[in-house]
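*Asks:* The following comprises the amino acid sequence and a computationally predicted model.
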Amino acid sequence: MAGFVCSAFRLLSLVSLAVFMLPAVTFSQSGSWGEPIAAPAEPESAPPPPEPAPTAQPAPEPTEPTPSEPNPDWADAPPTQYEERSPQNPDWVEESEPPPVGKKKRNASEFYDIRYANRDLTMPRGMMRGTFDTVVGRRTDAAVFGPSGTISTMNFGVAITLARDFEIGFSRYRMGSFPGIALFPTFGFGGEGLITFSMSPEAKFGDIPLYGRFQVLDREVVKMAFDAVFRIPSRTNFGFLGGIPLRFIIQEQFAFDTGLEFVVDDIPQGPSAWSLNLPFKFVANATDQFFLELLSGMTFFDLGKSINVRTSGLIGGPFYFIPLGLSAGYTVEGGTTMMDVFVNFRFPTFYGFTARDSNLNAETWQVTIGFNIHSPVLFKGSAL
């Protein structure tokens, strides 16, 4: 009995202790008696440490791109003829100079060939030519051909092409027909031009030649034109020249100038003198700008024997002359203008003969120095 009482007392003590501990556990897991028991909260983890700021990496050194084969499915269009592409970058177009701004004037050589031997017998439409030449020489012929002794003249002229293949001017210069010896009595010593005067043997103004030329044939190898020249007298007498100049061109560097010229000179003391001139000239361009000319031909002067009638038979005609000369010239291109500078030396009556006599005449000679300035003043967009 005593053992049972001790066992019951120990059991009651354990139950009492358990009842006493139960409220503390319950209060620690719930806010009140009616709320469910919540699971114990886990402790919060510490925040992660801040990441270090990234440091700047050094820029890589430039290296040349390695060559690779072009992709046929993705390629640039081929460059035009005006583009120059750099070998390092095919998409980069290098320009040696900035493009022109505004309207650019065209050069005179774009209208008129810079090669003297390859030019037409007339200038292009709208082009103007100013001419100047001075002649110094000596003449020993009889007085019927003009004054003897030392002769010097200065001659200015002008010409323009107002329509295609039609040229007019006040000048003794014409392409393929200069210098001429047909018009009496100058025989190539000048004294003819829009403004012209002689300085010796006496000072006086000369005659004014008005000419018109129409080019009727224009081929690569042959050119032909018609000439009409009227000498307006202010020193001598009226005169007229009708001609057919011809030019044959070989490989754009060589030319043969020839033709036919019929001349009538008025002589107040008697019938008019008419003559026939067959010029011959060989032109060669050694370079595009430097040219040479060999001049000759034949002149049948006073075929009607008017001088024979005038002198009562003292001077018998007709007269036949073969000139001989050499020219050298150079073409200077200056943008919208182009200038031919030339010098000529010749014997205008190198070999002369009549029905009675013949002789060489190397004592009559002349030196001509001159220049011609061409400018396309009337072309649209190219006026000076």
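*Replies:* Okay, I see it.
*Asks:* switch to C-alpha atoms for all contacts and neighbour counts from now on
*Replies:* OK.
*Asks:* For stretch 369-379, buried residues please.
*Replies:* Residues of stretch 369-379 classed as buried by neighbour count (16 or more other Cα atoms under 10 Å): 369, 370, 371, 372, 373, 374, 375, 376, 377, 378.
*Asks:* so how far is residue 327 from the first one?
*Replies:* Using Cα to Cα, to the nearest Å, residue 369 is found at 10 Å from residue 327.
*Asks:* Could you name every residue contacting both of the two?
*Replies:* Common neighbours of residue 369 and residue 327 are listed as 342, 343, 344 (criterion: Cα atoms under 8 Å, 6 or more residues apart in numbering).
*Asks:* From the residues you listed, pick the one nearest residue 231.
*Replies:* Comparing the shared contacts of residue 369 and residue 327 against residue 231 with Cα to Cα places residue 344 closest, at 23.6 Å.
*Asks:* So in that sheet, which strands flank the helix or strand encompassing that closest one, and in what orientation?
*Replies:* Counting by DSSP states H and E, the element that carries residue 344 is strand 337-353. Strand 337-353 sits in its sheet next to strand 319-334 (antiparallel), strand 358-360 (antiparallel), strand 365-375 (antiparallel), going by DSSP bridges.
*Asks:* can you list contacts of it?
*Replies:* Strand 337-353 has contacts (Cα under 8 Å, 6+ apart) with 107-109, 181, 187-188, 319-333, 358-362, 364-376.
*Asks:* coming back round to it: are any of the shared contacts of residue 369 and residue 327 buried, and which?
*Replies:* Looks like the shared contacts of residue 369 and residue 327 have 342, 343, 344 buried, using 16+ other Cα under 10 Å.
*Asks:* Next, the contact list for the closest residue to the second one other than its chain neighbours, please.
*Replies:* Of all residues not flanking residue 343 in the chain, residue 369 sits nearest, at 4.5 Å (Cα to Cα, 6 or more residues apart in numbering). With contact set as Cα under 8 Å, 6+ apart, residue 369 has these partners: 133, 134, 135, 341, 342, 343, 344.
*Asks:* element containing the first one?
*Replies:* Right, the one you point to is residue 133. Secondary structure assigned from DSSP H and E places residue 133 in strand 128-139.
*Asks:* From the contact counts, what lies against that strand?
*Replies:* Applying 3 or more Cα pairs under 8 Å, 6 or more residues apart in numbering; DSSP states H and E, one finds that strand 128-139 contacts strand 149-163, strand 365-375.
*Asks:* Other residues contacting it?
*Replies:* In contact with strand 128-139 (Cα under 8 Å, 6+ apart) are residues 147-161, 171, 173, 189-190, 363-377.
*Asks:* Can you select the buried ones from these in PyMOL?
*Replies:* Here is the PyMOL command that selects only those of the contacts of strand 128-139 that count as buried (16+ other Cα under 10 Å):
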select buried, resi 147+150+151+152+153+154+155+156+157+158+159+160+161+171+173+189+190+364+365+366+367+368+369+370+371+372+373+374+375+376+377
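*Asks:* and the residue lying closest to residue 345 once chain neighbours are set aside, what is it in contact with?
*Replies:* Of all residues not flanking residue 345 in the chain, residue 367 sits nearest, at 4.6 Å (Cα to Cα, 6+ apart). By Cα under 8 Å, 6+ apart, residue 367 lies in contact with 135, 136, 137, 343, 344, 345, 346.
*Asks:* Model confidence for residue 367, exactly?
*Replies:* pLDDT, residue 367: 94.
*Asks:* can you pull up the bridge partners for it?
*Replies:* Assigned bridge partners for residue 367, using DSSP bridges, are residue 136, residue 345.
*Asks:* is it true that residue 270 touches residue 306?
*Replies:* Yes - between residue 270 and residue 306 there is a contact at 6.8 Å, judged by Cα atoms under 8 Å.
*Asks:* of those two, who's got more company?
*Replies:* A count of neighbours by other Cα atoms under 10 Å puts residue 306 above the other of residue 270 and residue 306, at 21 against 13.
*Asks:* who are the neighbours in contact with that one?
*Replies:* Counting by Cα under 8 Å, 6+ apart, residue 306 has contacts 270, 271, 272, 273.
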